[in-house]
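Visitor: build me a structure from this.
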Amino acid sequence: MSFVLTHSAYGKSRVRLTKIERHPDRHDLFEWSIDVQLTGDFALAYSVGDNRNVVATDTMKNAVYALAADGPLGSPESFALRLSQHFLTYPQVATVLIAITVDGWRRMTIAGRPHPHAFAGEGPEHRICQVLADRETRRLTSGITDMLVLKTTDSAWKDFHRDAYRTLPDTGDRILATSLTAEWTYLEEANWDSVHTQVHESLLESFASHKSLGVQHTIQVMGEAVLKAVPAVAEITLTMPNKHRIAMNLTPLGRENTNSVFLATDEPYGLITGTLRRST
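Guide: Numbering: from 1, shown residues only. Here you go, the predicted structure:
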């Protein structure tokens, strides 16, 4: 009996990079977590333990820090593209996957002025990007994870399918809360930082301003808003877990709940996703 290795990949994950770019009037802070994964001519390492073609994961880690030291980092997208091209200089490498998660820091404002070297954390939200590249093609995806948004009204959920298992009542006014993930691809080269800002603003504005008839409805409206506002974006996928707020029954306590007191629950939760692209 014989066996065939049908797929292999390996790399270094969570390479933690902190860089300070020092200017005469300020310091710029970058803190990223970087994943590197390679495929290629590595089968002999699996079959007979021949490691001569294997680029050590420690080498991958060191390359991240060396390239970061070579000049300004720029956007995470531009650095991911640089890293992918670096690892493709190894002839035994077929494809490179680079993923970057940005730990957000914002410059503090002290006495009404931006502080030159003091920063505060942005919270759970992260900017992300991913590059999958070979010697002929590359695919760049950007995104946002853990964007916490909530609206206290202008959200309904009613007229949904009825069967023997339905117990949830219709509601015309509920809290809509989610931890949004958005991922998008591009039609063309772009200013990655500018696109990220435009997408972020479009998502927040459309979430806040429309009257939601359900999370599915909200995904459609938000996705369309991004595609209308940002011409460089080709396709966007939104994933929205429904972070439920359940109105508490206060009748046993001799009180009426006037749609104001709720229990926040983590599990179970609804999980809704949708992808929108420009029609041809």
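Visitor: my guess is Ala94 contacts Leu132. True?
Guide: No: look at Ala94 against Leu132 with Cβ atoms under 8 Å: they stay out of range, at 11.4 Å. Heads up, the C-betas are built off the backbone N, CA and C, glycines and all.
Visitor: mind listing what's buried in stretch 145-153?
Guide: Thr145, Met147, Val149, Lys151 (16 or more other Cβ atoms under 10 Å).
Visitor: in the stretch 1-150 of the chain, which spans are helices?
Guide: 43-47, 57-69, 76-87 (DSSP state H, counting those that start in this stretch).
Visitor: and of these, who's closest to Leu250?
Guide: helix 76-87 (47.8 Å; Cβ to Cβ).
Visitor: report the mean per-residue pLDDT for the closest one.
Guide: Helix 76-87 comes out with an average pLDDT of 98.
Visitor: packing partners for it?
Guide: strand 27-40, helix 57-69, strand 93-110, strand 113-133, strand 138-151, helix 192-209 (3 or more Cβ pairs under 8 Å, 6 or more residues apart in numbering; DSSP states H and E).
Visitor: tell me what angle the second one forms with strand 93-110.
Guide: Following axes from the mean of the first three to the mean of the last three Cα atoms, to 10 degrees, one obtains 50 degrees for the angle between helix 57-69 and strand 93-110.
Visitor: who's in contact with helix 57-69?
Guide: Residues from elsewhere that reach helix 57-69, judged by Cβ atoms under 8 Å, 6 or more residues apart in numbering: 10-12, 15, 17, 19, 34, 36, 38, 79, 82-83, 86-87.
Visitor: domain-wise, how is this structure divided?
Guide: Using automatic domain parsing, the domain parsing of the chain gives 10-136, 147-277.
Visitor: one step back: can I get the helices and strands packed on helix 76-87 in TSV with mean pLDDT and distance to Val221?
Guide: Output for the helices and strands packed on helix 76-87, formatted as TSV (pLDDT from 0 to 100; distance: least, Cβ to Cβ, whole Å):
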stretch	mean pLDDT	distance to Val221
strand 27-40	98	32
helix 57-69	98	39
strand 93-110	96	26
strand 113-133	96	21
strand 138-151	97	13
helix 192-209	97	5
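Visitor: the ones you listed: which one's closest to Thr275?
Guide: In terms of Cβ to Cβ, the element of these nearest to Thr275 is strand 138-151, at 12.0 Å.
Visitor: strands paired with the closest one, and their directions?
Guide: Strand 138-151 sits in its sheet next to strand 113-133 (antiparallel), strand 176-186 (antiparallel), going by DSSP bridges.
Visitor: need the winner for burial among those.
Guide: strand 176-186 (a mean of 20; mean count of other Cβ atoms under 10 Å).
Visitor: which residues touch Ile20?
Guide: Per Cβ under 8 Å, 6+ apart, neighbours of Ile20: His27, Asp28, Leu29, Phe30.
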